[in-house]
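Q: Okay, sequence plus prediction incoming.
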Amino acid sequence: MKHLWRAGVAAVAAVLVAGCTVDVTPVDDPAAEMKRPLTVATFGRVTTTDPAAATDTGSTIYALNVFQRLMSVQVGTGALKPDAATDCWYIDETTYSCGIRKNLSFTNGNELTASDVKFSIERARTLGIPGSSARMLDNIDEMIIPEDDEWRIDFKLKTHDRTFGYALAAPAASIVDEDVYPSDKLWDQWKRPSSSGPFFADVANLDELRLIRYPRYGGATGATSPAVSLKMFSTPEALDRAIATRTVDVLWRVPSDQVPDDGFFTAEVLEGAAVQRLVWNPESPVRNDAAVREWVRDATGPIRTTGAAVPEGAGFSFETFTMGARPEAPDISGELTLGFDSRLPGQEELAGRVKQALEPELQVTLVGDDEAADLQLRLTQAWTNTELAWLQPYIEFPLPGREEAVRELEMAFRTAETLPDAESAARALQEAAAEDATVVPLSQSDETFWMAPGIGFNERNLEHQNWLGPRWQLGLWGFTRV
């Protein structure tokens, strides 16, 4: 049975209805006066506030910062660490068991229990949003809460799975309150969430995500800043005004030419954090033409700086795509549309280079933010910085007739019992990805963001290499005023 925290445990109060909010004061510091929260500027957007439906960068940022999962992934090492779990371990070949921390609660005061964990994962799997990280949970056969231990949940798996712990760190495994969230539909974008993560969402709309530190959070990524605002600008001019008035503290994924050269902002470099790829739309009829896919793969060789579908630093990575001179053009013709995120720096320019590489054999039309484009240029970050997370667009949407073969390759990697076996299986999977060419790597490079004076890193999380999310996702718990 669920319980309510009583004396001394007040829910963090906020109202999110039709864009209206009520000011929030953290319950552990009633006298705190937040004149302006630490503000991060970027061009991404939060398209959903339901972690089970997160498929884009903005919504993933929301899920990672507002909700809690059983496990977390250290950004520096890729190691699994407990979050809402006390620990997780295999008790036999196909049973992965997790203990649940006691004294955790949601922001509405409800106690977080193993039953909530079970409900949340069942819900994500039932909703099954295409392109979400729910795909990583498909090896679960059954979830059991032992009668003699209500603070434990056992995951009965269909097969042994060396990757399963990482699935419990993905956004779709975020824990929601079973007394509040519907089991068969998505959470209303404008309703106040019930969550237990490092922050509580005070405002969440297309332009701003305002987060209040949740003092009852117990896990691996505690925040020190009482409030953080993620502002998502729609135009360069609006960002310029915010920079000129010094009302932003961190610039994340903004064009370098918009950063003042007066030395006010200090550059911080994330090595290998920017991964650019071409991903075919599974619903595009053009995708089924093998000659077109192969031309997209081969013609982009001259502008490709990495031949690996799994980036360096994400486990077993192999150069299975060719780089270098443009191949002899095949006898093909056709048209395709190429989409890109117009809000992110450098995307339109790179899309233009891809278009130039594919023409005149293919007639390419740049369509910007059109989600129905045949081919998408993506500045990508994976859920957990693991091989399967990076390969998910290939694994989840195999070519017609390739479903069984791709599934066998995936399961060979999941069930590998030794590192040599896992390495061999990872190579075979990446070679198949290069052959099918539904996901085409272009580059892996360093990424720079900028911090204003007086902004630093949360030392607790820095020590544990958790000052950002997995694969340099934007973990807002990592920033603080110093």
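A: It's in.
Q: Where is the longest helix in the chain?
A: helix 419-436 (DSSP state H).
Q: Check which residues of it are buried.
A: By neighbour count on 16 or more other CB atoms under 10 Å, the buried set for helix 419-436 is 422, 425-426, 428-430, 432-434, 436. (C-beta placed from N, C-alpha, C; glycine too.)
Q: quick one, strands of the stretch 151-300 of the chain?
A: 152-157, 199-204, 208-213, 227-232, 250-251, 266-280 (DSSP state E, counting those that start in this stretch).
Q: Any chance of CSV for those strands, columns distance to residue 139 and mean pLDDT?
A: Shown next, in CSV, are those (distance: least, CB to CB, whole Å; pLDDT from 0 to 100):
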stretch, distance to residue 139, mean pLDDT
strand 152-157, 5, 96
strand 199-204, 31, 79
strand 208-213, 32, 88
strand 227-232, 33, 90
strand 250-251, 38, 93
strand 266-280, 24, 91
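Q: that older thread, how far away from the center of its chain is the longest helix of the chain?
A: 23 Å (CA atoms, centre = their mean, to the nearest Å).
Q: Which other helices and strands does it contact?
A: helix 403-414 (3 or more CB pairs under 8 Å, 6 or more residues apart in numbering; DSSP states H and E).
Q: Output the contacting helices and strands for the helix it packs on.
A: Right, helix 403-414 is packed against helix 387-390, helix 392-396, helix 419-436 by 3+ CB pairs under 8 Å, 6+ apart.
Q: any idea how far the nearest residue to residue 452 once chain neighbours are set aside lies from residue 402?
A: The shortest distance from residue 452 to any non-neighbouring residue, by CB to CB, 6 or more residues apart in numbering, is to residue 249 (4.6 Å). Separation of residue 249 from residue 402 (CB to CB, to the nearest Å) stands at 47 Å.
Q: out of those two, which sits in the busier spot?
A: More crowded of residue 249 and residue 402, by other CB atoms under 10 Å: residue 249, with 23 against 15.
Q: any idea how far residue 321 is from the closest residue to residue 382 other than its chain neighbours?
A: The shortest distance from residue 382 to any non-neighbouring residue, by CB to CB, 6+ apart, is to residue 389 (3.9 Å). For residue 389, the distance to residue 321 equals 19 Å [CB to CB].
Q: More neighbours: the two, which one.
A: Neighbour comparison, residue 389 and residue 321: the larger count goes to residue 389, with 26 against 22 (by other CB under 10 Å).
Q: where's the more buried one relative to residue 380, distance?
A: Applying CB to CB to residue 389 and residue 380 gives a distance of 10 Å.
Q: for residue 132, same thing?
A: 15 Å.
Q: between the two, which one's more packed in?
A: More crowded of residue 132 and residue 380, by other CB under 10 Å: residue 132, with 27 against 19.
Q: Isn't the more buried one up against residue 60?
A: No. In terms of CB atoms under 8 Å, residue 132 does not count as a neighbour of residue 60; the distance is 9.6 Å.
Q: Between these two, which contacts overlap?
A: 54, 171 (CB atoms under 8 Å, 6 or more residues apart in numbering).
Q: Identify the residues contacting the nearest residue to residue 173 once chain neighbours are set aside.
A: In this structure, residue 173 finds its nearest non-sequential neighbour in residue 69, 4.9 Å apart by CB to CB, 6+ apart. Applying CB under 8 Å, 6+ apart to residue 69 gives the contacts 83-84, 168-171, 173-175.
Q: Now with 6 Å, please.
A: The neighbours of residue 69, taking CB atoms under 6 Å, 6 or more residues apart in numbering as the test, are 83, 169, 173-174.
Q: just those now: which is nearest residue 146?
A: Among these, residue 173 lies closest to residue 146 (CB to CB), at 20.0 Å.
Q: Please work out how many residues are found near the closest one.
A: 27.
Q: if we can go back for a sec, got the contacts of residue 69 as a markdown table, with pLDDT columns?
A: As requested, the contacts of residue 69 are exported to a markdown table (pLDDT from 0 to 100):
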| residue | pLDDT |
| --- | --- |
| 83 | 93 |
| 169 | 93 |
| 173 | 96 |
| 174 | 96 |
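Q: Tell me if I'm right that residue 337 and residue 364 touch.
A: No. Look at residue 337 against residue 364 with CB atoms under 6 Å: they stay out of range, at 7.6 Å.
Q: separation between the nearest residue to residue 116 once chain neighbours are set aside and residue 194?
A: Once flanking residues are discounted, residue 116 sits nearest to residue 178: 5.1 Å by CB to CB, 6+ apart. As judged by CB to CB, residue 178 and residue 194 stand 10 Å apart.
Q: Quickly find the element holding residue 447.
A: strand 439-451 (DSSP states H and E).
Q: Please parse this structure into its domains.
A: According to automatic domain parsing, the chain comprises the domains 38-234+452-481, 272-446.
Q: now the chain, which segments are flagged as low pLDDT?
A: Within the chain, the ranges that satisfy pLDDT under 70 run 1-35, 76-77, 203-206, 460-467, 470-471.
Q: at 80 what do you get?
A: 1-35, 43-45, 74-78, 189-190, 202-207, 234-235, 380-381, 458-472 (pLDDT under 80).
Q: wait, what's in contact with residue 479?
A: residue 38.
Q: Identify the bridge partners of it.
A: residue 457 (DSSP bridges).
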